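A.B. asks: Could you look at this predicted model? Sequence included:
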Amino acid sequence: MFNWWRNFRRPMRDEEYEKIVLHEYSGQVISSEYNVDDPDAYPFHALFPHGSGTIKYIYNGEVVEQYEGEFEAGQYQGKGTLIDKHGEVHEGEFKANLFVG
């Protein structure tokens, strides 16, 4: 009767989110810091996925999110497939990191 708590998944604390690491990314990137007037300057401080690609996030050795599809300035934008930490697959249209169908 009181076993419902075993299935309860507590939300992550803020400091736990800091432990999520980008494990793998393949695709195009964009940098808001790139200076076309000085292409020899180091433009790789803030690289964001842009175009199409695949990204995977790992926490404590487990994949917590995997996305393959279109990006715009670092956000899921356009057609894509997201697999969340529970194994649920969301395939379709994304807008500003949100699945819209």
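C.D. replies: Good, I have the coordinates. Residues are numbered from 1 along each chain as shown.

A.B. asks: Measure how buried the residue nearest to Leu98 when sequence neighbours are not counted is and give me the count.
C.D. replies: Spatial nearest neighbour of Leu98, chain neighbours left out: Tyr76 (7.8 Å); criterion: Cβ to Cβ, 6 or more residues apart in numbering. (Each C-beta comes from the backbone N, C-alpha and C, glycine too.) Tyr76: 23 surrounding residues under other Cβ atoms under 10 Å.

A.B. asks: How about the contacts made by Tyr76?
C.D. replies: 67, 69-70, 82, 94, 96-98 (Cβ atoms under 8 Å, 6 or more residues apart in numbering).

A.B. asks: Show the average pLDDT along the helix or strand hosting it.
C.D. replies: Using DSSP states H and E, Tyr76 sits within strand 75-84. Mean pLDDT, computed over strand 75-84, is 95.

A.B. asks: follow-up on the earlier one: just the buried ones from the contacts of Tyr76, in PyMOL syntax?
C.D. replies: This is how PyMOL selects the buried members of those, with burial counted by 16 or more other Cβ atoms under 10 Å:
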select buried, resi 67+69+70+82+94
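
A.B. asks: Out of the contacts of Tyr76, flag the one nearest to His50.
C.D. replies: For the contacts of Tyr76, the residue nearest His50 by Cβ to Cβ is Glu70; the value is 9.2 Å.

A.B. asks: ok now do Gly78, which residues does it touch?
C.D. replies: Applying Cβ under 8 Å, 6+ apart, the residues near Gly78 are 69-72, 93-94.

A.B. asks: after the worst-scoring helix or strand of the chain on mean pLDDT, next one along is what?
C.D. replies: Ranked by mean pLDDT, DSSP states H and E, the weakest helix or strand in the chain is helix 14-17, scoring a mean of 64. In the C-terminal direction, the helix or strand that comes right after helix 14-17 (DSSP H and E) is strand 21-31.

A.B. asks: coming back round to it: tell me the one of the contacts of Tyr76 nearest Ser31?
C.D. replies: Distances from Ser31 to these, taken by Cβ to Cβ, are shortest for Glu70, at 18.2 Å.

A.B. asks: counting contacts, what elements does whichever strand or helix holds Gln66 pack onto?
C.D. replies: In this assignment (DSSP H and E), Gln66 forms part of strand 62-72. Where contact means 3 or more Cβ pairs under 8 Å, 6 or more residues apart in numbering; DSSP states H and E, strand 62-72 is packed against strand 21-31, strand 47-59, strand 75-84.
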